[in-house]
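Undergrad: have a look; sequence and predicted model below, questions after that.
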Amino acid sequence: MKKIIIAIDGFSSCGKSTMAKDLAREIGYIYIDSGAMYRAVTLYCMEHDLFDADNQIKEEELKQQMNQIKISFKLDEKGLPRTQLNGVEVEDRIRCLDVSSRVSPVAALGFVREALVRLQQEMGKEKGIVMDGRDIGTAVFPQAELKIFVTASAEIRARRRFDELTAKGQNPSFEEILHNVEERDRIDQNRSVSPLRQAEDALLLDNSTLTIAEQKAWLFEQFKKATSHA
Ligand code: DC
């Protein structure tokens, strides 16, 4: 069967990566979490003193260092991708709240987006890829054969992230997470470069009341439809 590109975009913490990962595993495609790449650049900035005392990014310095930032993915024993930053595994570190609260301004920088979009397009050259993010269907792969735009209410998304962190043994504050979710929505939707928006030809999925199994079944159905006429 001809391989296609599947773009899954939407708001933060709405379960995009879970559904993208599951689908990729089921159909034997590569899964790429593009948000992990923006998070890895943010971690690099934190580790290289690229935030000033007011938490502003030192843009010029980051621009100079962009070509020293190498991001890749290595599959673990379950076949799941683990993010590597300059050859070092950073998968867990890029998920902490510290990175979450600093990543949106980094992802709003035009030169950061240019570099990462180029890398993402390179990764999708052979097709057979499921990529999730904010601008995959609009900017990275406007030609993708299947585009999904996922949404859910901010409270539900914050609750899911709260449960996820609690399950990992952390002790998060729900209010802080909700604030972080709303703040990221605001920045992601209002930035000048590639703001978060639904591509005209994307299918809308509001998963506020869907179980993971229901959402998985819906997505697989869309994949079957897309490949039946690809
Ligand atoms: O999906 P996530 O929460 O891991 O994404 C982290 C941040 O990166 C979020 O603020 C949005 C941004 N992002 C983006 O601007 N474009 C993408 N393709 C993916 C993520």
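TA: Looks like it arrived, so ask away.
Undergrad: so who does the one residue sitting closest to the centre of the chain touch?
TA: Centrality entry for the chain: nearest residue to the mean C-alpha point is residue 35, 2.9 Å, by CA atoms, centre = their mean. Contacts of residue 35 were listed using CB atoms under 8 Å, 6 or more residues apart in numbering, and they are 12, 17, 103, 132-134. All C-beta spots, glycine's among them, are computed from the backbone N, C-alpha and C.
Undergrad: of those residues, closest to the ligand?
TA: Sorting these by how near they are to the ligand, with CB to the nearest ligand atom, puts residue 133 at the top with 2.5 Å.
Undergrad: next, the contact list for the closest one, please.
TA: 7-9, 16, 33-35, 120, 140.
Undergrad: before we move on, what SS does the closest residue to residue 140 other than its chain neighbours have?
TA: Sequence neighbours aside, residue 120 is the residue nearest to residue 140 in space, at 4.9 Å (criterion: CB to CB, 6 or more residues apart in numbering). Each residue gets one of three states, and residue 120 gets helix by DSSP: H, G, I helix; E, B strand; the rest coil.
Undergrad: and what of residue 72?
TA: From three-state DSSP, the assignment for residue 72 is strand.
Undergrad: quick check: it touching residue 84?
TA: Yes: under the contact definition of CB atoms under 8 Å, residue 72 touches residue 84, with a separation of 4.8 Å.
Undergrad: joint contacts of those two?
TA: When contacts are counted by CB under 8 Å, 6+ apart, residue 72 and residue 84 are jointly contacted by no residue.
Undergrad: could you report the neighbour count for residue 76?
TA: 10 (other CB atoms under 10 Å).
Undergrad: contacts only, for residue 185.
TA: So, once contact is read as CB under 8 Å, 6+ apart, residue 185 ends up touching 11-12, 154, 196.
Undergrad: quick one on the thing from earlier: restrict the contacts of residue 133 to contacts with the ligand.
TA: 34-35 (CB under 6 Å from any ligand atom).
Undergrad: with pLDDT added, can I get the contacts of residue 133 in a markdown table?
TA: Listed next are the contacts of residue 133 as a markdown table, based on pLDDT from 0 to 100:
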| residue | pLDDT |
| --- | --- |
| 7 | 98 |
| 8 | 98 |
| 9 | 97 |
| 16 | 91 |
| 33 | 96 |
| 34 | 97 |
| 35 | 96 |
| 120 | 98 |
| 140 | 97 |
